[in-house]
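In: Quick check, what structure comes out for this input:
(chains A, B, C and D, ligands or ions: 6)
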Amino acid sequence: MKRLLNDGYDAVEELLDGYVKAHGDVVKLADNERVVVRTTLSAEPKVGIIFGGGSGHEPLFLGYVGEGVADAAVIGNVNTSPDPMACYDAVTAVDQGKGCLFLYGNYQGDVLNFDMGAEMAADDDIRVETVLITDDVYSAKDKADRRGVAGDVIVLMAACAVANTGADLDTVKAAAEKANDHTYSMGVALSSSTLPVTGRPIFDIGPDDMEVGMGIHGEPGIERKKLEPADAVMDEILSIVLPEMQLASGDEVAVMINGLGGLPLMDQYICYRRVHDVLTEKGVSIGKSMVGNYATSMDMIGMGVTLVKLDDELKGWLDAPFDAPYLKQD
Amino acid sequence: MKRLLNDGYDAVEELLDGYVKAHGDVVKLADNERVVVRTTLSAEPKVGIIFGGGSGHEPLFLGYVGEGVADAAVIGNVNTSPDPMACYDAVTAVDQGKGCLFLYGNYQGDVLNFDMGAEMAADDDIRVETVLITDDVYSAKDKADRRGVAGDVIVLMAACAVANTGADLDTVKAAAEKANDHTYSMGVALSSSTLPVTGRPIFDIGPDDMEVGMGIHGEPGIERKKLEPADAVMDEILSIVLPEMQLASGDEVAVMINGLGGLPLMDQYICYRRVHDVLTEKGVSIGKSMVGNYATSMDMIGMGVTLVKLDDELKGWLDAPFDAPYLKQD
Amino acid sequence: MASLDRDFFVASFRRMAVAAEVNRDEWTRLDGQIGDGDHGINMSIGFREVVKQLDALPDDTDIAGTFKLVGMTLLRRVGGASGPLYGSFFMKAGAEVAGQSEVSVDDLPRMLRAGVASIQARGKAELGDKTMLDSYLPGLDVLEAADLSDAVAAFSSFVERMQQGSDDTIPLQAKKGRAMRLGPRSIGHRDPGSQSAWQLMECFLEGLKGIQS
Amino acid sequence: MASLDRDFFVASFRRMAVAAEVNRDEWTRLDGQIGDGDHGINMSIGFREVVKQLDALPDDTDIAGTFKLVGMTLLRRVGGASGPLYGSFFMKAGAEVAGQSEVSVDDLPRMLRAGVASIQARGKAELGDKTMLDSYLPGLDVLEAADLSDAVAAFSSFVERMQQGSDDTIPLQAKKGRAMRLGPRSIGHRDPGSQSAWQLMECFLEGLKGIQS
Ligand SMILES: Nc1ncnc2c1ncn2[C@@H]1O[C@H](COP(=O)(O)OP(=O)(O)O)[C@@H](O)[C@H]1O
Ligand SMILES: Nc1ncnc2c1ncn2[C@@H]1O[C@H](COP(=O)(O)OP(=O)(O)O)[C@@H](O)[C@H]1O
Ligand SMILES: [Mg+2]
Ligand SMILES: [Mg+2]
Ligand SMILES: [Mg+2]
Ligand SMILES: [Mg+2]
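Out: Ligands and ions are numbered 1, 2, ... in the order given. Have a look, this model is predicted:
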């Protein structure tokens, strides 16, 4: 597939430069060219929320830096965790004396790098805690081993809502953990994304095939299948996610349909419709809906369903006011 | 390219059904299944703003229905203007006695259908005025003959900002006309979109080619060329749009980078960066920036640059508070 | 030839619905070259609904009412430029024979002329603008000059002339519709509406052949 | 064989940068099969920066300092799993010879062992988990048992054993890294890091050959 880029080796720096130029009222680069921070931190000191991972998932992560949302985003190469120095620099840029929370998807590379960043912060006596996001149902049997995908945004919202109350680091961390425990995702991809450096797809896939359980970095899913109509694909996803969540009639959920970048909004709303209808049919009510490209894989054609089992507390967090370029609600 | 749909003949109805299910707090269907209206109209009567055109441009038009934004969106088949009855039904659904303004892109089919709708409304003694949006520089020599593309959103913002003050229909219409007069767009496409009914692209294009001046319905542009790096493409667009606008050092503009659906945000910000740098270099300042998929052509890989020559009045309108699912600012 | 009753027209409209299905991808392909690639799809969407409406046609609907229903349905469902144009075409054509339970072949040219006049009134295009009028206008001239006592021969020459008119759009540069904005790039391609127009009119010819044989 | 000075290592690191460019698409292709397709790209990004740093290397930087600079640069620029792993590898390997302005071939196994130990400490993987350790660990065993008086022969057997170890990852199911989540689908593909590992170590071998000949 085709992209509109300059030299692929410059793509990340140009992205970040363009982003801070477009949103200079909200964000700037820290003293590290891979760290996007709020232009002004919260007036009341609060726990610093640091969100991060590879680039190529825009608007994840940088699009969620803003008032009441993330204080910093740490950005790696395409599909690649950021380096430890950037993780550390983000901490020094946003810590207000209440410590910081690292939020990122559970990938080996991210753990290695963010942990090193946290160690460096510990040497400065800044306390940093970590919550790994593990919402991708199809990626491992144990919840704790799973990858993080669009659930990143849900967990971020919960953590930020609580951090904004002035709560301490342990409380914020517990909120993020709770949100992560309640969040389940699964997706399909109909194409690979196209890498900026090589200009080529990561993997090949036949014109009538889809990859079930695809990760947002283009990691192969668990199964390759014939592409089916949207309703059948949603039914298949729900047949796996719903039992996993043990949802019952009377339960309430938040539903996010996450487009991976190349799937039109039209298709996403058609997918949403089916998820809505199936849940309604089962007596599960929908307390919040989000549809759009929240966590992409550049130009990948595909989508994921994220469900969050709600209780009053979680619902309150997800309905809190946020004001970042890609997450605005009041 | 691949889509995730059911029967293509049902795509528009399923899209609208999914949309109102996801955003039921903001919108509902009117007594016409192709008319999306606000669930509650403005408490203070105001001029009704009716926005519309074919489907396949999501979030245009329906995504801009909401508080302080459009009161209704009238939706046609894919790439096809809505029918006259739907245009008329939108009027009866939202008119609050102050008349209504039709805002849509300047296409033969839309003019035919909206005009018939307006005639029907006139029979009911409801005054309806029309402003045709004509921002696509490359589509015709005379501004009045041009197509409307992403400038639709700019003109909508201006009209709504003024309508929200309680102004009368003539005043609102004049604001929309002024915004349209100040708005210039031009785009490129690297691929065709894929039609839901046939599952096939509208046109073929070579792997190294781009279409310059492409319309958002897949109408061929004016020239087919070899694909170039992002910066070169932006330079070419600006070399046409800037003289057209007669911008000079000291002028101020709003910049919109509009993704056509299949172009990653990464690429869009890289494009924004170049536009920013070229304008800055020329002494033109940027008073407002918008980057994202505002007016798409489903899965088309491509983008457009929209520039709005600002004065204080226009700037105020574009900075007004809006609260629709795809246009939120305060 | 027997005079034409409502069933003749209903059958013709059903044939048009088949034509819209069969030619959907071809009309769409033509529209993809110089337009937005939806012409065949939208005609098929419209005629699918026409069939549904005809399936439920009340017994007391007369010929004019049937034309009106078809026209309204196309107007409602096709959209774009061709929705209102074909919609008015059928509505106005039917209005010419309001109140008649049967019409004669001699009435047909007048009906079609009224329909085409409404396309002109709505779309303000002229001969040579590379639109459906380029098949309708020369075709109608031939039909009006033809000897209607041999209805099949007359309609054959009508449809043939329309087809010729459609061929003649190929070298033209468009002056109306979406293709207009292409400027010289519209040259060398057939106008999609000129093609659908003669293929729809051919459905009347088929009906007449059925009666005559 | 002469002892090895800083220039020997600088030349080796430059050779590694060439290897990263040359093999970029192959490492990326391997990572595309069971990972996220970035391994070659990120190594190339990292080593391009290494070259820049070496171009500006201060005269007073010793061998340990050069290793540290290379390690830090990879840590900063490569990211992902292999950034910290290769980063620590070079930093720890260099730290073994802190303060020495020359090292002997006999020091090399100890340096590499320290580097590999830090990969193990950071990544917590074991032999057979389908990672770069599957080439490093058996390779190092061979190197440590080899007669270093013929350095080229010793390093040849080291690199060959690493390459063999990389081949041996093909039938394995991944237990660490991104490929782990694929379960049985990771079987049948070579681990990309096991490939880059031996191809980087081969650059030391090339350097030794240059000295010996
Ligand atoms: N002003 C007009 N007068 C007559 N026919 C027209 C006019 N504008 C367009 N047409 C016809 O309509 C056809 C296009 O129909 P369609 O594709 O359904 O509409 P749209 O251009 O809105 O997508 C053209 O091929 C042409 O024959
Ligand atoms: N825990 C680990 N221990 C040793 N090597 C590892 C470990 N995890 C991953 N690797 C190596 O890193 C390679 C992947 O590197 P790379 O593609 O750069 O990282 P990422 O998986 O983050 O994209 C794997 O092929 C493997 O050899
Ligand atoms: Mg990676
Ligand atoms: Mg159309
Ligand atoms: Mg068309
Ligand atoms: Mg990788």
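In: So what does the closest residue to C:A154 other than its chain neighbours have for phi and psi?
Out: In space, and not counting its chain neighbours, C:A154 is closest to C:A146: 3.7 Å by CB to CB, 6 or more residues apart in numbering or on different chains. Bear in mind the C-beta positions are built from the backbone N, C-alpha and C, glycine included. Taking degrees, to the nearest 10, you get phi -80, psi 160 for the backbone angles of C:A146.
In: before we move on, what about A:A324?
Out: Backbone torsions of A:A324, given as degrees, to the nearest 10, read phi -110, psi 160.
In: Now do the same for it: its pLDDT.
Out: Reading off the confidence values, A:A324 has pLDDT 98.
In: ok, it - contacts?
Out: With contact set as CB atoms under 8 Å, 6 or more residues apart in numbering or on different chains, A:A324 has these partners: A:26, A:63-70.
In: Closest to B:A86 out of those?
Out: Among the contacts of A:A324, A:G63 lies closest to B:A86 (CB to CB), at 34.7 Å.
In: helix or strand for A:V172, which one?
Out: helix A:169-181 (DSSP states H and E).
In: List, out of the contacts of A:A324, those positioned next to chain B.
Out: A:G63 (CB under 8 Å from any CB of the partner chain).
In: Please convert the buried members of the contacts of A:A324 into ChimeraX selection syntax.
Out: Buried subset of the contacts of A:A324, written as a ChimeraX selection, criterion 16 or more other CB atoms under 10 Å in any protein chain shown:
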select /A:26,63,64,65,66,67,68,69,70
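In: How about the residues of the stretch 201-330 of chain A by ligand 3?
Out: Within reach of ligand 3 by CB under 5 Å from the ion, the stretch 201-330 of chain A has no residues at all.
In: try 8 Å
Out: Residues of the stretch 201-330 of chain A found near ligand 3 (CB under 8 Å from the ion) are A:H217.
In: which residues of chain A fall in strands?
Out: Ranges of strands in chain A, per DSSP state E, are A:27-29, A:35-38, A:48-55, A:72-78, A:100-105, A:128-133, A:183-189, A:209-212, A:223-226, A:252-259, A:285-292, A:302-309, A:322-324, A:327-329.
In: Quick one, which of those gets closest to D:G183.
Out: strand A:223-226 (10.7 Å).
In: Which elements pack onto that closest one?
Out: Other elements packing on strand A:223-226 under the criterion 3 or more CB pairs under 8 Å, 6 or more residues apart in numbering or on different chains; DSSP states H and E are strand A:209-212.
In: touching chain D at all, the strand it packs on?
Out: No: Strand A:209-212 lies apart from chain D when judged by CB under 8 Å from any CB; the minimum separation is 10.8 Å.
In: Which residues does that strand contact?
Out: Outside strand A:209-212, the residues within contact range by CB under 8 Å, 6+ apart are A:138, A:188-190, A:205, A:220-228, A:233, A:236, A:302, B:2.
In: Pull the contacting residues for A:V12.
Out: Applying CB under 8 Å, 6+ apart, we find A:V12 in contact with A:34, A:55, A:75, A:77-78.
In: switch to 6 Å and redo it
Out: A:S55 (CB atoms under 6 Å, 6 or more residues apart in numbering or on different chains).
In: From ligand 5, how far off is it?
Out: Relative to ligand 5, A:V12 is positioned 41 Å away (CB to the ion, to the nearest Å).
In: Can you tell me how far that residue is from A:H57?
Out: The gap separating A:V12 from A:H57 is 12 Å, by CB to CB, to the nearest Å.
In: tell me the secondary structure for the residue lying farthest from the centre of chain C?
Out: The C-alpha centroid of chain C is most remote from C:P184, which lies 27.1 Å away (CA atoms, centre = their mean). With DSSP: H, G, I helix; E, B strand; the rest coil as the basis, C:P184 sits in helix.
In: contacting residues for it?
Out: C:P184 is in contact with C:Q173, counting by CB under 6 Å, 6+ apart.
In: That one and B:G8: what is the separation?
Out: 33 Å.
In: next one: C:F204
Out: With CB to CB as the criterion, C:F204 and B:G8 are 30 Å apart.
In: Looking at the two now, which is surrounded by more residues?
Out: C:F204 (23 against 17; other CB atoms under 10 Å in any protein chain shown).
In: thought the more buried one was touching C:F13?
Out: No: the pair C:F204 / C:F13 is not scored as a contact, 9.8 Å apart, by CB atoms under 6 Å.
In: where's C:M91 relative to ligand 6, distance?
Out: Counting by CB to the ion, the gap from C:M91 to ligand 6 is 64 Å.
In: what about the helices in chain C?
Out: In chain C, the helices defined using DSSP state H lie at C:6-22, C:24-34, C:39-55, C:63-77, C:82-95, C:108-123, C:133-145, C:151-168, C:192-212.
In: Give the full set of residues in contact with C:L4.
Out: Residues in contact with C:L4 (CB under 6 Å, 6+ apart) are C:V103.
In: That one bridge partners, please.
Out: As for beta bridges, C:L4 partners with C:V103 under DSSP bridges.
In: how far away is it from D:E26?
Out: 75 Å.
In: Likewise for A:M120?
Out: The gap separating A:M120 from D:E26 is 34 Å, by CB to CB.
In: Which per-residue confidence value corresponds to the residue in the stretch 151-300 of chain A that ligand 3 sits nearest to?
Out: Proximity of the stretch 151-300 of chain A to ligand 3 (CB to the ion) peaks at A:H217, 6.1 Å away. We have a pLDDT of 85 for A:H217.
In: and the residue in chain A that ligand 2 sits nearest to, what pLDDT?
Out: Of all residues in chain A, A:G109 sits closest to ligand 2, at 2.9 Å by CB to the nearest ligand atom. Note on A:G109: pLDDT of 94.
In: count of residues packed around it?
Out: Neighbours of A:G109 (other CB under 10 Å): 29.
In: For C:S157, which non-adjacent residue is closest in space?
Out: Among residues not flanking C:S157 along the chain, C:V142 sits closest, at 5.3 Å (CB to CB, 6+ apart).
In: where's the residue farthest from the centre of chain C relative to B:D142, distance?
Out: From C:P184 across to B:D142, the span is 17 Å (CB to CB).
In: residue contacts, residue 132?
Out: Here I'm looking at chain A. Residues near A:L132 by CB under 6 Å, 6+ apart: A:N106.
In: meant chain C, my bad for not saying
Out: C:M132 touches C:193-194, C:197, counting by CB under 6 Å, 6+ apart.
In: Highest neighbour count among the residues you listed?
Out: When neighbours are counted by other CB under 10 Å, C:G193 leads these with 32 neighbours.
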